[in-house]
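Engineer: Sequence and predicted structure, then a few things I'm wondering about:
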Amino acid sequence: MSDALKHECGIAMVRLLKPLEYYKEKYGTAFYGVNKMYLLMEKQHNRGQDGAGMASIKFNVEPGTRYISRVRSNKSQPIQDIFGQVNERINGIFEKNPDKIDDVQWQEENMPYIGNLFLGHVRYGTFGGNSIENVHPFLRQSNWRHQSLIVAGNFNMTNSKQLMKELIDLGQHPKESTDTVTVMEKIGHFLEDEVSDTYLKAKDVGLNKKDASPYIEEHLDIQRILKRSSRNWDGGYAMAGLLGHGDAFVLRDPAAIRPAFYYQDDEVVVVASERPVIQTVFNVQIDKIKEIDRGHALIIKKNGKTTMAPILEQRPKKACSFERIYFSRGSDASIYEERKNLGKFVFPEVLKSINNDIKNTVFSYIPNTAETSFFGMMEAAEDVLNQQKTDAILAGGGKLSKEKVIEILSSRPRFEKIAIKDAKLRTFITDDSSRDDLVAHVYDVTYGVVKPTDNLVIIDDSIVRGTTLKKSIIKILDRLQPKKIVIVSSAPQIRYPDCYGIDMARIGDFIAFKAALELLKETNQYHIVYDVYQKCIEQQNNVDKDIVNYVKEVYAPFTDEQISAKIAEMLKTPEIKSSVEVIYQPVSKLHKACPENLGDWYFTGDYPTDGGHRVVNQAFINFYEGNDKRAY
């Protein structure tokens, strides 16, 4: 993707279902869980590189022994840093106690990070800053193990302020207003309620306080806690939690916006944000890995019993399409096929742009994540050219010479690697002209394969702001002197802000929005902007479910093709000699390519939760008033 986007986040959970001695005997180490956590997190580093953390819980230790271990980092390579710290602690203990290397019971009682239950997190610091205090997992500790709570998630809540107010109304005084703290305190409040209720039941059956603890742990109703906690949540989330005594859960939002997958056998239960990660780390087939149902929680009790429990009423499934277009690992079988289809399905528009002239067209891609869509575009180009070959041979009526048939059959589409991404340059010079010159060299090009009579078609995952295209990519492509540069986006036009986990909060940043504004000016319809602003102001105090997305009216007077043409005009700076055209994927073709991930609010403005309408309303108000704040 030429425009850098950030996304939060990735989760990993491992619950060992056997005693630690089992893993020592079978796999040679009691640190089997730690090793698997490292792999699960490292293979999800694409989801977050600003921070990482891991927590572990031991089940079988005496009171007075530390049973929770947590390590977090916001250094430049946070995953390596946290596991470097873990290894340093473990190796230091073994150096002092070399006779304990094979003593699993002693290790469990005396060493950190060896345990039965693990939760890991990788994070992009898009909201709440990137200090160590904002790195997951978060810990809410208590002297009662069943009230100690660890939380980490891949989520954004659209209504954090409302949730904060609810906590204050309950008499709490949260130490921070971040949505992670708010969510954790919400769960913690109802956890304490549930513990109190369960303790009363323990008293009713004649148990004293000490004997009540095991009773509470066994009978604690995680489903009820989550139902009460999440009743008013609005957002996209895969929320994971551990209780100090050993229960665990992962709750997914009712629209399945954020992804969550799990696998279970007789040794482990494992959860991750991405399916191929589990496949690779545990060497299991794709059909063994399941999705956590939307609006449900995967609940793992301390005794190992695992259930999928309904928590919230399900909404229509609107899983994030950007997961498929860009964020998730392309090694997932379904995602790989979908990304290829994105390249195939946009090709008919490309063919129109080049007037069916495949012979005089070079096809390439923006490295590196658009490569799979490029493969799909290659297949589509080959299919079209094969049809053209067939038509040419049939038109010869059997009278073509052998040499002419060979000439026709030898024709191939021209697929080349044109753009090459260099290591990211540091823009250490502060004046704008010098910085722009440095940015222009982020990419390099392959010379000698494009002729002045050629079209040059370049596919990208998506075009969000267009900044890198304008300042770098189109300029360097123009050096190759093609007659035409066609920039193809495998995603539709991004028109509306996201509020569920992708760092696209300001509507004024989007090139499609800027293009619509320019068209409104040119057609003497800019009054629509003021009209929309007034409508947004008028519904500012409405409850979320009554807010209408009037921002759609900004785009309504124009076709997708008109906006794309204006974007191309805006990206073509005066020094560019080649003609420039921009082609976007139609939304209908996106749905065809990714039929299980229909979350398209970035493109259509159709938000899957009520809070999304409030966010787009506020985002437009912020734009109009020149306010650079986030809309949520």
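Structural biologist: Cool, the structure landed.

Engineer: right, and the helix or strand after the worst-scoring helix or strand of the chain on mean pLDDT?
Structural biologist: Lowest by mean pLDDT, DSSP states H and E among the helices and strands of the chain is helix 432-439, with a mean of 54. Sequence order places strand 443-445 as the next helix or strand after helix 432-439, per DSSP states H and E.

Engineer: what's around the nearest residue to Asp253 once chain neighbours are set aside, how many residues?
Structural biologist: Among residues not flanking Asp253 along the chain, Tyr237 sits closest, at 4.7 Å (C-beta to C-beta, 6 or more residues apart in numbering). C-beta here means a position set from N, CA and C on the backbone, and glycine is covered the same way. Tyr237 is flanked by 24 other residues according to other C-beta atoms under 10 Å.

Engineer: again with Asp454
Structural biologist: Using other C-beta under 10 Å, Asp454 is surrounded by 21 other residues.

Engineer: For it, list the residues it contacts.
Structural biologist: Counting by C-beta atoms under 8 Å, 6 or more residues apart in numbering, Asp454 touches 360-362, 414, 482-483.

Engineer: how about a cut-off of 10 Å?
Structural biologist: Neighbour list for Asp454: 354, 357, 359-362, 414, 480-484, 578 [criterion: C-beta atoms under 10 Å, 6 or more residues apart in numbering].

Engineer: Help me confirm that Leu298 is found in a strand?
Structural biologist: Yes: counting by DSSP: H, G, I helix; E, B strand; the rest coil, Leu298 falls inside a strand.

Engineer: If it is in a bridge, with which residues?
Structural biologist: Val250, Met308 (DSSP bridges).

Engineer: Quick check: it vs Arg145, distance?
Structural biologist: Look at Leu298 and Arg145: by C-beta to C-beta, to the nearest Å, they are 21 Å apart.

Engineer: Also Asp391?
Structural biologist: 75 Å.

Engineer: So for the two, which residue has more residues nearby?
Structural biologist: Applying other C-beta under 10 Å to Asp391 and Arg145 shows that Arg145 carries more neighbours, namely 19 against 11.

Engineer: who touches the more buried one in this structure?
Structural biologist: By C-beta under 10 Å, 6+ apart, Arg145 lies in contact with 57, 59, 63, 67-68, 213, 216-217, 243-246.

Engineer: What about those, which are in strands?
Structural biologist: Using DSSP state E, the subset of the contacts of Arg145 located in strands is 57, 68, 243.

Engineer: CSV please, covering the residues you listed and showing distance to Ile420, pLDDT and neighbour count.
Structural biologist: Output for these, formatted as CSV (distance: C-beta to C-beta, whole Å; pLDDT from 0 to 100; neighbours: other C-beta atoms under 10 Å):
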residue, distance to Ile420, pLDDT, neighbour count
Ile57, 47, 97, 26
Ile68, 47, 96, 18
Leu243, 50, 98, 25
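
Engineer: Which of the residues you listed sits closest to Gly188?
Structural biologist: Ranked by distance to Gly188 (C-beta to C-beta), the ones in strands among the contacts of Arg145 are led by Leu243 at 10.4 Å.

Engineer: That closest one and Ala55 touch, don't they?
Structural biologist: No: between Leu243 and Ala55 there is no contact under C-beta atoms under 10 Å: 11.7 Å.

Engineer: shared neighbours of the two, anything?
Structural biologist: Residues touching both Leu243 and Ala55 by C-beta under 10 Å, 6+ apart: 117, 150.

Engineer: Val486 - that's part of a strand, no?
Structural biologist: Yes: counting by three-state DSSP, Val486 is part of a strand.

Engineer: Spatially nearest residue to it, not counting backbone neighbours?
Structural biologist: Using C-beta to C-beta, 6+ apart, the closest residue to Val486 is Val457 (4.5 Å).

Engineer: Just list the residues touching the one you found, thanks.
Structural biologist: 347, 350-351, 353-354, 358, 361-365, 374, 377, 381, 414, 418, 482, 484-488, 581, 583.

Engineer: Could you list the low-confidence segments of the protein?
Structural biologist: Counting by pLDDT under 70, the chain has low-confidence residues at 1-8, 125-130, 172-177, 422-441.

Engineer: May I have the secondary structure class of the residue lying farthest from the centre of it?
Structural biologist: Using C-alpha atoms, centre = their mean, the residue of the chain lying farthest from its centre is Lys399. It sits 57.5 Å away. For Lys399, the assignment made with three-state DSSP gives coil.

Engineer: List the contacts of it.
Structural biologist: Per C-beta under 10 Å, 6+ apart, neighbours of Lys399: none.

Engineer: Direction included, what does the helix or strand that contains Ile150 pair up with?
Structural biologist: For Ile150, the host element (DSSP H and E) is strand 149-157. According to DSSP bridges, strand 149-157 has the following sheet partners: strand 138-140 (antiparallel), strand 235-243 (antiparallel).

Engineer: list the buried ones in the first one?
Structural biologist: I take that to be strand 138-140. 138-140 (16 or more other C-beta atoms under 10 Å).

Engineer: Equivalent analysis for the last one, please.
Structural biologist: When burial is assessed from 16+ other C-beta under 10 Å, strand 235-243 yields the following buried residues: 235-243.

Engineer: Off-centre distance for that strand?
Structural biologist: Taking the mean of its C-alpha atoms, strand 235-243 sits 15 Å from the chain's own mean (C-alpha atoms, centre = their mean, to the nearest Å).

Engineer: does Leu456 count as helix, strand or coil?
Structural biologist: Of the three states, Leu456 takes strand under three-state DSSP.

Engineer: Bridged to it, which residues?
Structural biologist: Applying DSSP bridges, one finds that Leu456 bridges with Val362, Ile485.

Engineer: Next one: it from Leu480, what distance?
Structural biologist: Counting by C-beta to C-beta, the gap from Leu456 to Leu480 is 7 Å.

Engineer: again, but for Gly508
Structural biologist: Between Gly508 and Leu480 the computed distance is 33 Å (C-beta to C-beta).

Engineer: Tell me which of those two has more neighbours.
Structural biologist: Neighbours per residue (other C-beta under 10 Å) separate Gly508 from Leu480, with Leu480 holding more: 20 against 16.

Engineer: got a list of what the residue nearest to the more buried one when sequence neighbours are not counted touches?
Structural biologist: With C-beta to C-beta, 6+ apart as the criterion, Leu480 has its nearest non-adjacent residue at 4.1 Å, and that residue is Val450. Taking C-beta under 10 Å, 6+ apart as the criterion, Val450 is in contact with 361-362, 364, 414, 416, 418, 456, 477, 479-483, 485, 578.

Engineer: are any of these buried, and which?
Structural biologist: Buried among the contacts of Val450 (16+ other C-beta under 10 Å): 361-362, 364, 414, 418, 456, 477, 480, 482, 485, 578.

Engineer: shared neighbours, Leu456 and Leu480?
Structural biologist: Listed as contacting both Leu456 and Leu480 by C-beta under 10 Å, 6+ apart are 362, 418, 445, 449-450, 578.

Engineer: what packs against the particular helix or strand that has Val405 in it?
Structural biologist: Taking DSSP H and E as the criterion, Val405 maps to helix 402-409. The contact analysis (3 or more C-beta pairs under 10 Å, 6 or more residues apart in numbering; DSSP states H and E) places helix 402-409 against helix 371-395.

Engineer: quick check: angle from the helix it packs on to helix 402-409?
Structural biologist: Here helix 371-395 points in a direction 150 degrees away from that of helix 402-409 (axes from the mean of the first three to the mean of the last three C-alpha atoms, to 10 degrees).

Engineer: Give the buried residues for helix 371-395.
Structural biologist: Buried residues in helix 371-395 (16+ other C-beta under 10 Å): 371-381, 384-385, 389, 392.
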